[in-house]
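1. What follows is a predicted protein model with its sequence.
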Amino acid sequence: MDSVTPRFLTAALYQFVDLPDFADLREPLQSLCDTHGVRGMLLLAPEGINGTIAGEPQGVHAVLAWLR
């Protein structure tokens, strides 16, 4: 069987975490997603984050690394 690298990767995620400054995360997160061609929906709230993103694997991994 041939090894095939996926063209796109989808990540569904959520994390309950204290984010009192969640509004301040919007702009840098949007910029990071735009830079890496990652699209989707991320909901930021004081109690955490929830959403689904998709894009080329390296872009999705970059966004997930930033969120961690």
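-> Right, received. Where do you want to start? All values derive from a computational prediction rather than experimental measurement. Numbers count the residues shown, from 1 in each chain.

2. Looks like G59 contacts G40 (just checking).
-> No: under the criterion of Cβ atoms under 8 Å, G59 makes no contact with G40, lying 10.9 Å away. No exception for glycine: its C-beta is placed from N, CA and C like everyone else's.

3. which neighbours do these two share?
-> C33 (Cβ atoms under 8 Å, 6 or more residues apart in numbering).

4. Which of those two has more residues huddled nearby?
-> Just comparing G59 and G40: by other Cβ atoms under 10 Å the higher neighbour count belongs to G59, 20 against 16.

5. show me the residues around that one that make contact.
-> Applying Cβ under 8 Å, 6+ apart, the residues contacting G59 are 33, 36-38.

6. can we see that at 6 Å?
-> G59 makes contacts with 36-38, as judged by Cβ atoms under 6 Å, 6 or more residues apart in numbering.

7. So it belongs to a helix, correct?
-> Yes: residue state for G59 (DSSP: H, G, I helix; E, B strand; the rest coil) corresponds to a helix.

8. Let's see the pLDDT reported for it.
-> The model reports G59 with a pLDDT of 98.

9. rewinding a little: just among the contacts of G59, which is most surrounded?
-> Within the contacts of G59, neighbour counts (other Cβ under 10 Å) peak at V38, which reaches 23 neighbours.

10. Can you give me the buried ones in the longest helix along the chain?
-> As assigned by DSSP state H, the longest helix anywhere in the chain is helix 22-36. Neighbour-count burial for helix 22-36, with 16 or more other Cβ atoms under 10 Å as criterion, is recorded at 22, 29, 32-33, 36.
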